[in-house]
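**Student:** have a look at this prediction, sequence included:
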Amino acid sequence: MPDASPEDRLPPGARIGRAALRVADLDETTAFYRDVVGLAVIDCDGDRAVLGADGDPLLVLRRDPDRPERGRTEAGLFHAAFRVPSRAALGEALGRVRERWRLDGASDHLVSEALYLDDPEGNGVEIYRDRPREEWPTDDDGTVRMATDPLDLEGVAAAAEAVEGDASAGSSPVDRAPPGTDLGHVHLETASLSAFEAVYVDGLGFEVGMTGPDVRFVAAGGYHHHLAANTWRGRTTPATGLGLAWFEVVVPDADALDAVRERLEAVAADGDVDVAVDERGGGVTVTDADGIEVRVRTE
């Protein structure tokens, strides 16, 4: 892929904002993200709950009991990845998962350490912490290199115990994710990686990082990835059921937003990929070929 000019790319300050899920059981799903992931309930009514950390909203849950379950062929969410600010905070998350839920996987990605689980409705969840950037391995071309190695779970657990000081095997886990927790990245299941690149690279302006025959990692500002997409499960149809409703990409200023708008309109006008671009609340919204809505706004 040829190098793009800086005006064709998101600025370094771009990041993921909130994500929203359509759920059948609002109470049960809210309890999971509160008690297991450790998010605080910021707002809740009969059909909607907003959860976050340190007052910052990260996740919106909306009750949609009439919508069907996500079908086996539908594109959508692979996982939403909540990033905690330290290894000790990851150890605290591990304690909550071990006591209150079930751990489905754990990996050392060289750039990060990650826990994997599913919420009550089958939506994938990652909880992770980044290693310092100066420790991230890179290839000769500067691309950040990742791997999927076994995670030292007991070392992660011990990091939390060291901070707590007097922790014991019978102590209760820390209930809340600490300040600095955010939604670090979103990983999608897509029907087409080329269509994904058309929207998220050519349109939104992310840069391609690590790639494989069935996966892409893209980011802004040299991060290992703000978004990923894979075709591992052979999804072939747009998302219409329960699960991911939308997520946000946050850019630092109006100039960056205008540039995103122009790029997305060019992708839509080209006609090679079925996308819809609209204005929303002072920002811009794009619905990709998989039916996934992305809302772009300024800080």
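**Tutor:** Sure thing, it's come through.
**Student:** quick one: the strands in the stretch 1-150 of the chain, in order.
**Tutor:** Counting by DSSP state E, counting those that start in this stretch, the stretch 1-150 of the chain has strands at residues 15-23, 40-44, 48-53, 56-63, 76-84, 105-108, 112-118, 124-130, 149-150.
**Student:** and of these, who's closest to P179?
**Tutor:** strand 48-53 (6.5 Å; C-beta to C-beta). For every residue, glycine as well, the C-beta is placed using N, CA and C.
**Student:** quick one: buried residues of the closest one?
**Tutor:** Buried residues in strand 48-53, defined by neighbour count with 16 or more other C-beta atoms under 10 Å: 49-53.
**Student:** so for that strand, mean pLDDT?
**Tutor:** The average of the pLDDT scores along strand 48-53 is 98.
**Student:** repeat for stretch 160-172
**Tutor:** Taken as a whole, stretch 160-172 has an average pLDDT of 66.
**Student:** circling back: can I get the strands of the stretch 1-150 of the chain in JSON lines including distance to L188?
**Tutor:** Conversion of the strands of the stretch 1-150 of the chain to JSON lines gives the following (distance: least, C-beta to C-beta, whole Å):
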{"stretch": "strand 15-23", "distance to L188": "11"}
{"stretch": "strand 40-44", "distance to L188": "25"}
{"stretch": "strand 48-53", "distance to L188": "21"}
{"stretch": "strand 56-63", "distance to L188": "16"}
{"stretch": "strand 76-84", "distance to L188": "6"}
{"stretch": "strand 105-108", "distance to L188": "18"}
{"stretch": "strand 112-118", "distance to L188": "16"}
{"stretch": "strand 124-130", "distance to L188": "10"}
{"stretch": "strand 149-150", "distance to L188": "23"}
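**Student:** low pLDDT regions in the stretch 1-150 of the chain?
**Tutor:** When residues are selected by pLDDT under 70, those of the stretch 1-150 of the chain lie in 1-6.
**Student:** max-length helix in this protein?
**Tutor:** The helix of greatest length in the chain, counted in residues with DSSP state H as the criterion, is given as helix 254-270.
**Student:** outside of that one itself, list whatever touches it.
**Tutor:** Counting contacts by C-beta atoms under 8 Å, 6 or more residues apart in numbering, the residues outside helix 254-270 that touch it are 7-8, 10-11, 14, 198-199, 202-205, 249, 251, 273, 275-277, 283-284, 286, 296-298.
**Student:** tell me where the chain has helices.
**Tutor:** Counting by DSSP H, the chain forms helices over residues 26-32, 87-100, 153-164, 193-197, 254-270, given from the N-terminal end onward.
**Student:** buried deepest among those, which one?
**Tutor:** Neighbour counts (mean count of other C-beta atoms under 10 Å) averaged over each of these peak at helix 87-100, with a mean of 21.
**Student:** what's the angle between that helix and strand 112-118?
**Tutor:** Taking axes from the mean of the first three to the mean of the last three C-alpha atoms, to 10 degrees, helix 87-100 and strand 112-118 form an angle of 20 degrees between their directions.
**Student:** helices or strands up against helix 87-100?
**Tutor:** For helix 87-100, the elements it packs on are strand 76-84, strand 112-118, strand 124-130, helix 153-164, judged by 3 or more C-beta pairs under 8 Å, 6 or more residues apart in numbering; DSSP states H and E.
**Student:** need these in CSV with distance to G222, can you?
**Tutor:** As requested, the helices and strands packed on helix 87-100 are arranged in CSV below (distance: least, C-beta to C-beta, whole Å):
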stretch, distance to G222
strand 76-84, 16
strand 112-118, 14
strand 124-130, 12
helix 153-164, 26
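**Student:** thinking again about what came up before, do you know which of the strands of the stretch 1-150 of the chain lies nearest G209?
**Tutor:** That would be, of those and by C-beta to C-beta, strand 112-118, which comes in at 13.2 Å.
**Student:** what packs against that closest one?
**Tutor:** Helices and strands in packing contact with strand 112-118 are listed as helix 87-100, strand 105-108, strand 124-130; criterion 3+ C-beta pairs under 8 Å, 6+ apart.
**Student:** could you pull up phi and psi at P252?
**Tutor:** Note on P252: its backbone torsions stand at phi -70, psi -20 [degrees, to the nearest 10].
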